[in-house]
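[1] requesting a structural model of the entry that follows:
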Amino acid sequence: MVISDEGHFRESRRRRNPFGLTKYYTGHLPGDTPGNLPDPYFWWEAGAMFGTLIDYWQLTGDDTYNDITKQAILHQAAPTRDFMPRNQTRTLGNDDQGFWAMTAMTAAELKFPDPGPDQPQYLALAQAVFNQWAQRWEENESSGCGGGLPWQIFRFNRGFNYRNSISNGCFFNIASRLARFTGNVTYAEWAAKIYTWQEETGLFRDGDVLDGVTVKPEEGNSCDSIDEIQWTYNAGIFIHGSAVMYNFTDGNPIWKRRLDSHLASAERTFFTNSTDGERVMFEQFCEPPGFCDIDQRSFKGYLTRWLARTTQLAPYTFESISPLLTNSAIAAAKACSGSPTEAPPGEQPFRGRPGTAGSAGQRGGMTG
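    Residues are numbered from 1 along each chain as shown. Predicted coordinates:
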């Protein structure tokens, strides 16, 4: 891969990634459900995949996958137009809904081809999810932790008492982007409120983003049981949201300080020296021992995409982010095996050698 040659890089993306990503997808075929990936992939990861395909269209101009992307978004929006399809109720989390909402927000921002006038519009879909989150937050303000979104939407699902950073990060991310896209300061106020809640709850620590906190009703709704694991996508979602707020507020020093702290944390936590001596991205908790599951294999892809967008929103970050992404892309390319249309990047590219075949999520990360 020749990163410095834009034409070569675009052609590499065009040839290698979308076919390998969509080969896992059968939802557009007769008798299948638009927007669903087959097992073992969860519903939220399908939402992330279609966000990647929107990015791909915007970066390359190739509209090959636009129809299946639009079909998936509109079908999964459900008749309620809020990304709460009834067949996902058993496992539906705020973060799951959030990844579909962020895909709709990306479609609005990038001017992805509009649905018909009788169909839900992308911006309205993102706003509908935001409104539900605001209501859920307010309902939880008296039930421990002073607010925050629970991981799960429904009380009967295991995880309802867990306030996780990715669910609240999705809320923060959508709020900040809606503020920038619409100019409505109410969204910006919510973004600031969510960020402050994360700080006060102890889920930020010197720029680190910790995974979540468990509310314990049996202990008077105590809110001090923090899971300190760090994941790339938790870091990425707050980096991107902070960059959006930095941009929206014309470089407000508060948001610059927040953005810089998360960037510094991400660099020290999620980039390690490869065998070539360059710093490349890795999933520090599960990748070195080799036990990342299907979901976790996709996380680096989201950090990659959000870091790239951050350089556009806060251009001063380009100098520090660009070498990290460039070196990681080169390492990922070296870890690929097989033909361009067959093999996604293997795991552990920081070790400087081809790995085992990756997943749809890893493919999406490389595209993003």
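
[2] I figured residue 249 hits residue 256, correct?
    No - contact status for residue 249 versus residue 256: not in contact, 9.2 Å apart, counting by CB atoms under 8 Å. Using the backbone N, CA and C atoms, a C-beta is placed for each residue, glycine as well.

[3] show me the shaky parts of the stretch 251-368 of the chain.
    In the predicted model, the stretch 251-368 of the chain carries pLDDT under 70 at residues 336-368.

[4] got the contact list for residue 187?
    Remark: with contacts taken as CB atoms under 8 Å, 6 or more residues apart in numbering, residue 187 is in contact with 130, 175, 176, 178, 179.

[5] among those residues, which are in helices?
    Using DSSP state H, the members of the contacts of residue 187 that fall in helices are 130, 175, 176, 178, 179.

[6] need phi/psi at the residue positioned nearest the centre of the chain.
    Central residue of the chain (CA atoms, centre = their mean): residue 302, 4.5 Å from the mean position. In terms of degrees, to the nearest 10, the main-chain angles of residue 302 are phi -70, psi -40.

[7] isn't it up against residue 235?
    No - with contact defined as CB under 8 Å, residue 302 does not reach residue 235; the gap is 9.5 Å.

[8] what's the first-to-last distance across stretch 22-39?
    14 Å (CA to CA, to the nearest Å).

[9] now the helices: where do they sit in the chain?
    For the chain, helices defined by DSSP H occupy the ranges 6-22, 43-60, 66-76, 94-109, 122-140, 165-182, 185-201, 232-248, 253-270, 299-313, 318-334, 360-367.

[10] nearest to residue 88, out of those?
    Among the helices of the chain, helix 43-60 comes nearest to residue 88, with 5.3 Å by CB to CB.

[11] now that closest one, how far from the chain's geometric center?
    Relative to the centre of its chain, helix 43-60 is centred 10 Å away, using CA atoms, centre = their mean, to the nearest Å.

[12] so which bits of that helix are buried?
    For helix 43-60, burial by neighbour count (16 or more other CB atoms under 10 Å) applies to 43-57, 59-60.

[13] can you read off the pLDDT for the closest residue to residue 162 other than its chain neighbours?
    Nearest-residue entry for residue 162: residue 151, 4.4 Å, with adjacent residues in sequence omitted and distances by CB to CB, 6 or more residues apart in numbering. Residue 151 is assigned a pLDDT of 97 by the prediction.

[14] just use 48 as the starting number from now, easier for me
    Right, with 48 as the first residue, what we last looked at is residue 198.

[15] was I right to think residue 291 contacts residue 223?
    Yes - applying CB under 8 Å, one finds residue 291 in contact with residue 223, separated by 4.0 Å.

[16] which neighbours do these two share?
    Counting by CB under 8 Å, 6+ apart, the shared contacts of residue 291 and residue 223 are residue 238.

[17] how near is residue 188 to residue 284?
    22 Å (CB to CB, to the nearest Å).

[18] neighbour count for those two, which is higher?
    Residue environment comparison for residue 188 versus residue 284 gives the larger neighbour count to residue 284, 27 against 12, counting by other CB atoms under 10 Å.

[19] spit out the contact partners of the more buried one.
    Applying CB under 8 Å, 6+ apart, one finds that residue 284 lies in contact with 212, 213, 216, 217, 219, 220, 349, 353.

[20] thinking again about what came up before, check contacts around the residue nearest to the residue nearest to the centre of the chain when sequence neighbours are not counted.
    Once flanking residues are discounted, residue 349 sits nearest to residue 280: 4.3 Å by CB to CB, 6+ apart. By CB under 8 Å, 6+ apart, the contact set of residue 280 is 213, 345, 346, 349, 350.

[21] do you know the pLDDT at residue 280?
    Per-residue pLDDT puts residue 280 at 99.

[22] pretty sure residue 351 contacts residue 375?
    Yes - because the distance of 7.0 Å satisfies CB under 8 Å, residue 351 is recorded as touching residue 375.

[23] higher neighbour count, the two?
    The residue with more neighbours, out of residue 351 and residue 375, is residue 375; 26 against 23, by other CB under 10 Å.

[24] a markdown table please, covering the helices of the chain and showing distance to residue 204.
    Supplementary listing: the helices of the chain in a markdown table, determined by distance: least, CB to CB, whole Å:
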| stretch | distance to residue 204 |
| --- | --- |
| helix 53-69 | 29 |
| helix 90-107 | 13 |
| helix 113-123 | 19 |
| helix 141-156 | 11 |
| helix 169-187 | 13 |
| helix 212-229 | 13 |
| helix 232-248 | 21 |
| helix 279-295 | 21 |
| helix 300-317 | 29 |
| helix 346-360 | 22 |
| helix 365-381 | 35 |
| helix 407-414 | 23 |
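
[25] closest to residue 360 among the contacts of residue 234?
    Closest approach between these and residue 360, by CB to CB: residue 223, at 9.8 Å.

[26] what does the pLDDT read for the closest one?
    According to the predicted model, the pLDDT of residue 223 comes to 99.

[27] wait, it sits on residue 236?
    No - between residue 223 and residue 236 no contact is recorded; they are 10.9 Å apart, counting by CB under 8 Å.

[28] quick one: which of the two has more around it?
    For residue 223 and residue 236, the more surrounded residue by other CB under 10 Å is residue 223, and the numbers stand at 30 against 12.

[29] quick one: contacts for the more buried one?
    Residue 223 makes contact with 234, 235, 238, 288, 289, 291, 292, 295 under the criterion CB under 8 Å, 6+ apart.

[30] which among those residues gets closest to residue 312?
    If you rank the contacts of residue 223 by distance to residue 312 using CB to CB, residue 289 comes first, at 11.6 Å.
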